[in-house]
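J.: Predicted model, plus sequence, below.
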Amino acid sequence: MTTLKAHSDQLFGLETSLKPYNTFGLDAHCSGLYHIYSAKDFIEFLHKELTPFRIIGGGSNILLTGDINGYIVKNEIKGIHIEEENDETIQVRVGSGEIWHQFVMWSLSHRLYGLENLSLIPGTVGAAPMQNIGAYGIEQEHVFHSLNAIEIATGKIVNFSKEVCMFGYRESIFKNTHKDKYFITDVTYCLYKKPQRLHIAYGAIAETLQMKHISNPTSSDISEVVIEIRKSKLPDPKIIGNAGSFFKNPVIDINHYKSLKIQYPDIPSYPVSESAVKVPAGWLIEQLGFKGIIRENIGVHKKQALVLVNYGNGSGRDIWNLAMEIQNKVREVFSIDIAPEVNIW
Ligand code: EPU
């Protein structure tokens, strides 16, 4: 029995709105939407030869600048399976269509460690390794073990180890040489059974734990604090359309940083290597007066300048125009190129 489900609009050859499928809440259309519940479903979809197509997870890292010429495959592959365990660690294989935060909550309910800092990140498990999601001192690569993906050209299942994925800051092989070539079906993470490698040094986490008089935090304690911090800064996409950080934090040469520091003594930075530092793009954007601006239906979030928002009926094109204006101004004033973190479609 096949579980492949065509969206009813597609059956009648009508266009399908993607508004419920992207966290910016943009009303772009595509030729048809297919919900994929298993690797087998995806293989069946490939046999239909419906091209071109694009794959969507939680739709939390895309900007739809217009209608999509082609089909959308919506990943709905679920399931959390314990593969292996010993006294220290546990290997968990997770369906790529699982909601990331629900997986984090599952790990906390099993008193596991490793995912707590990554609480409340929107999106699916399959998208996590693609852009190596990260927050509060942790990236998913810290607990990543391997993943399975279907090669679109051949329909073959390929296993990717951590080394092959080439994780970097919001980077992986799937955003570079392997872009649009694979459909990730499941991801295996290696989590800890005891408090290990806790990352609580990040300013706001340490402060909040101290305020709550928690000196030996559990993964749930850390998760609660992270959720509190995220909620205080980042808009809830269910209320205000957004895709989290719109730009990546740029890495610049140390000499460039030193010269900026003379002119802007408060410019923050994080060390990357002896010759480079990372600068928060939110700080740069705020200096230029963009923080909190509203342009009709879109704007820049008032509490976090790195987040572009759709207040309701904004268009992807308008958001992209604002993003380019910000990018140009940052280049003009600071001689720094900021690149989008969000995928522009
Ligand atoms: N800052 C400002 N003004 C702003 C925003 C930030 O001056 O409007 C400066 C402040 O100096 C602040 C520093 O930037 O101390 C860092 O800000 P924040 O802690 O909010 O983090 P971020 O660098 O802006 C990154 C990630 C977030 C992640 C946080 C916490 C990127 C592109 N973004 O943001 O990830 O939650 O760190 O670890 O690396 C996402 O990827 O969608 C995302 C939200």
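T.: Great, that's in hand.
J.: Determine the number of other residues adjacent to F167.
T.: 19 (other C-beta atoms under 10 Å). Where you see a C-beta, it was placed from the backbone N, CA and C, and this is true even at glycine.
J.: for the nearest residue to it once chain neighbours are set aside, phi and psi?
T.: Counting by C-beta to C-beta, 6 or more residues apart in numbering, the nearest residue to F167 once its immediate chain neighbours are dropped is E141, at 4.0 Å. Phi and psi for E141, reported as degrees, to the nearest 10, are phi -60, psi -20.
J.: And the pLDDT at E141?
T.: At E141, the model reports a pLDDT of 98.
J.: Same question for T3.
T.: So T3 comes in at 37 (pLDDT).
J.: now F12
T.: So F12 comes in at 39 (pLDDT).
J.: Any figure for the gap between the residue nearest to F167 and H213?
T.: Distance, E141 to H213, by C-beta to C-beta, to the nearest Å: 33 Å.
J.: Please apply the same query to L322.
T.: Distance from L322 to H213, by C-beta to C-beta: 43 Å.
J.: Test my guess that G314 contacts I240.
T.: No: between G314 and I240 there is no contact under C-beta atoms under 8 Å: 10.5 Å.
J.: Give me the more crowded residue out of those two.
T.: G314 (22 against 18).
J.: For the more buried one, list the residues it contacts.
T.: G314 makes contacts with F24, L26, G241, E296, N297, I298, as judged by C-beta atoms under 8 Å, 6 or more residues apart in numbering.
J.: Helix, strand or coil: sort out it for me.
T.: When classified by DSSP: H, G, I helix; E, B strand; the rest coil, G314 comes out as coil.
J.: Could you tell me the end-to-end distance of stretch 208-219?
T.: One end of stretch 208-219 sits 14 Å from the other (C-alpha to C-alpha, to the nearest Å).
J.: The longest strand along the chain packs against which elements?
T.: Scanning the chain for the longest strand, with DSSP state E as the assignment, gives strand 182-192. Packing contacts for strand 182-192, counted by 3 or more C-beta pairs under 8 Å, 6 or more residues apart in numbering; DSSP states H and E, involve helix 39-47, strand 89-95, helix 127-130, strand 144-151.
J.: tell me the most buried of those?
T.: Across these, the average number of neighbours (mean count of other C-beta atoms under 10 Å) peaks for helix 127-130, which reaches a mean of 27.
J.: and for the helix or strand following that one, what are the contacting residues?
T.: With elements assigned by DSSP states H and E, the helix or strand that comes after helix 127-130 is strand 134-135. Residues outside strand 134-135 that contact it (C-beta under 8 Å, 6+ apart): N117, L118, I121, Q140, Y169, R170, V226, R230.
J.: Y21: neighbouring residues, count only.
T.: 20.
J.: same check, this time on K212
T.: As a burial measure, K212 scores 13 neighbours (other C-beta under 10 Å).
J.: Over to F24?
T.: 29.
J.: Three-state assignment for it, please.
T.: Quick answer, by three-state DSSP: F24 is coil.
J.: among the helices and strands packed on strand 182-192, which is nearest E332?
T.: helix 127-130 (31.6 Å; C-beta to C-beta).
J.: partners of the residue in the stretch 1-150 of the chain that the ligand sits nearest to in the sheet?
T.: Closest residue of the stretch 1-150 of the chain to the ligand, C-beta to the nearest ligand atom: A135 (3.7 Å). As for beta bridges, A135 partners with I138 under DSSP bridges.
J.: burial of it, as a residue count?
T.: For A135, using other C-beta under 10 Å, the count is 20.
J.: Contacts only, for the residue of the stretch 101-250 of the chain found nearest the ligand.
T.: Closest residue of the stretch 101-250 of the chain to the ligand, C-beta to the nearest ligand atom: G244 (2.4 Å). Applying C-beta under 8 Å, 6+ apart, we find G244 in contact with S60, N61, I121, P122, L234, V307, E341, V342.
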